[in-house]
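Q: this is a predicted model, with the sequence first.
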Amino acid sequence: MVFLTLSCWIRNRGPDRYWKVQELLKHARHFRGRKNRCYSLAVRTVRKAFVYATKARKLKKRNMRTLWITRIAAASREHGMKYPALMHNLTKSSVQLNRRVISDLAVTEPRSFLSLAKLAQARKQEGFRVALGDGKEPPGVFSRVVLLQ
Amino acid sequence: MSSFTRSAQQWATFARSWFVIDARMQPPGKIASMCSVRLQGKHKPIYHALSDCGDHVVVINTKHIAFSGNKWEQKVYSSHTGYPGGFKQVTAAQLHQKDPKAIVKLAVYGMLPRNLHRRTMMQRLHIFADDELPEDIRANLTEELAQPRKIPRKLSEYTQEEIDAFPRLWTPPEDYKME
């Protein structure tokens, strides 16, 4: 007798399991322990890693901004000003540089940063003169106070 | 500076300086905040938490620290030995008596960020109760920082001319007896 249904019993399941597994393990190669080798452990950890990466994209923007602010504060204190005074007076002088650019200037272009600090200092003194003085500038000084009179 | 090699430029940028602060007649909190800023490296525009950019700080004359208000009697430092009934509370005056360096050390410890770098930064803080510094530390010092508080002069430090020139509210009569 002949077994005619034998060929129906052979199952050819997915031929590319190896490559599917490697595609996932390549994201786990830098992990510690068995989770960089064993698929079942790696699946869970890689999914967690991707979740962390997604959430961190928002945190990165916040952390970078605080870092820029710290650096600008340090550099402005070197020149005798504080961070809030510097930024407020720069915006009042319509300098629209963002914190990233100003912190890069503070690191790589110290003289440009010094000029920005001096500009902010001058605008600060002008603000004090407007608030406390009698509306007149010292003779020979042309500023917004004189312009608006 | 632009003629340096890149490695020399980096070495010069990230070099550690040694600051010295005189704590005579200063409030320990202000001293501690100045110390913590420089130990973390937050006074540098190249600051990053991971780049180990903190400097060394030497605090001298901590024996002559000056709390404002009644803090010598009212400020309490608590600790627990770990054993039952081992909760200890000492006032600032008692702690200063036992160890004149402890107040500044605890103040700086509390102002540093609560991470694993804190112990390393505390190792870079050098506190001395009086003026005596060892030779190797004295050789390393680069900058002295200004004191945060202006010390008021005692009456005995004013000259007689300054005392006479000071304005008077009222002149007492000849036979007025002052204590």
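A: The structure has been received and is ready for your questions.

Q: closest point of chain B to chain A, which residue?
A: Residue of chain B nearest chain A, by CB to the nearest CB: residue B:45 (4.0 Å). C-beta here means a position set from N, CA and C on the backbone, and glycine is covered the same way.

Q: quick check, that residue in a helix?
A: No: counting by DSSP: H, G, I helix; E, B strand; the rest coil, residue B:45 is not part of a helix but coil.

Q: was I right to think it contacts residue A:77?
A: No: counting by CB atoms under 8 Å, residue B:45 does not reach residue A:77; the two are 9.8 Å apart.

Q: tell me the residues of chain A that contact chain B?
A: Residues of chain A that fall close to chain B, judged by CB under 8 Å from any CB of the partner chain: A:67, A:70, A:71, A:72, A:73, A:74, A:75, A:77, A:78, A:103, A:106, A:107.

Q: the last one: what secondary structure?
A: The three-state assignment at residue A:107 reads helix, by three-state DSSP.

Q: any low-confidence regions in chain B?
A: Applying pLDDT under 70 to chain B picks out residues B:1.

Q: which stretch of helix or strand covers the residue positioned nearest the centre of it?
A: In chain B, the residue lying closest to the centroid (CA atoms, centre = their mean) is residue B:31, at 2.9 Å. Element membership for residue B:31, per DSSP states H and E: helix B:28-40.

Q: which helices and strands does that helix pack with?
A: strand B:18-22, strand B:56-60, helix B:102-111, helix B:117-123 (3 or more CB pairs under 8 Å, 6 or more residues apart in numbering or on different chains; DSSP states H and E).

Q: the first one and chain A, are they touching?
A: This means strand B:18-22. No: using CB under 8 Å from any CB, we find that strand B:18-22 stays clear of chain A, coming within 14.0 Å at best.

Q: adjacent strands (with direction) for that strand?
A: Paired strands of strand B:18-22, with direction, are strand B:56-60 (parallel), strand B:143-144 (parallel) (DSSP bridges).

Q: now residue B:87: phi and psi?
A: phi -80, psi 120 (degrees, to the nearest 10).

Q: contacting residues for the residue lying closest to it once chain neighbours are set aside?
A: Setting aside the residues directly before and after it, residue B:87 is nearest to residue B:80 in space (CB to CB, 6 or more residues apart in numbering or on different chains), at 5.1 Å. Neighbouring residues of residue B:80 by CB atoms under 8 Å, 6 or more residues apart in numbering or on different chains: B:86, B:87, B:88.

Q: can I get the residues you listed in JSON lines including neighbour count?
A: Formatted as JSON lines, these follow (neighbours: other CB atoms under 10 Å in any protein chain shown):
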{"residue": "B:86", "neighbour count": "9"}
{"residue": "B:87", "neighbour count": "10"}
{"residue": "B:88", "neighbour count": "9"}
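
Q: return the most buried member of the strands paired with strand B:18-22.
A: Most buried of the strands paired with strand B:18-22, by mean neighbour count (mean count of other CB atoms under 10 Å in any protein chain shown): strand B:56-60, with a mean of 23.

Q: so how far is that one from its chain's centroid?
A: Offset of strand B:56-60 from its chain centre (CA atoms, centre = their mean, to the nearest Å): 8 Å.

Q: show residues contacting that strand.
A: For strand B:56-60, the external contacting residues (CB under 8 Å, 6+ apart) are B:16-23, B:31, B:35, B:38-39, B:104, B:124-128, B:130-131, B:133, B:137, B:140-141.

Q: got the angle for it vs helix B:102-111?
A: 150 degrees (axes from the mean of the first three to the mean of the last three CA atoms, to 10 degrees).

Q: now the angle from strand B:56-60 to helix B:28-40?
A: 160 degrees.

Q: CA atoms only for strand B:56-60, dumped as CSV, please.
A: Extracted C-alpha coordinates of strand B:56-60, given in CSV (Å, rounded to 0.1, in the frame of the first residue of the first chain):
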residue,chain,number,x,y,z
HIS,B,56,39.1,72.1,43.7
VAL,B,57,38.0,74.5,46.5
VAL,B,58,40.0,75.2,49.7
VAL,B,59,38.1,76.8,52.6
ILE,B,60,40.2,78.3,55.4
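
Q: buried residues in the very next helix or strand once past it?
A: Later in the chain than strand B:56-60, the nearest helix or strand by DSSP H and E is helix B:71-74. Buried positions in helix B:71-74, judged by neighbour count with 16 or more other CB atoms under 10 Å in any protein chain shown: B:71, B:72.

Q: pull the CA atoms of helix B:71-74 into PDB?
A: In PDB, the C-alpha atoms belonging to helix B:71-74 read as follows (Å, rounded to 0.1, in the frame of the first residue of the first chain):
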ATOM      1  CA  LYS B  71      21.100  79.900  64.500                       C
ATOM      2  CA  TRP B  72      24.000  79.000  66.800                       C
ATOM      3  CA  GLU B  73      21.400  78.000  69.400                       C
ATOM      4  CA  GLN B  74      18.400  77.200  67.200                       C
END
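
Q: packing partners of that helix?
A: strand B:87-91, helix B:92-98.

Q: before we move on, back to that, got the contact list for the helix holding residue B:31?
A: B:19, B:21, B:23, B:43, B:47, B:54-55, B:57, B:59, B:62, B:65, B:67, B:103-104, B:107-108, B:110-113, B:117, B:121-122, B:124-125, B:145, B:148-149.
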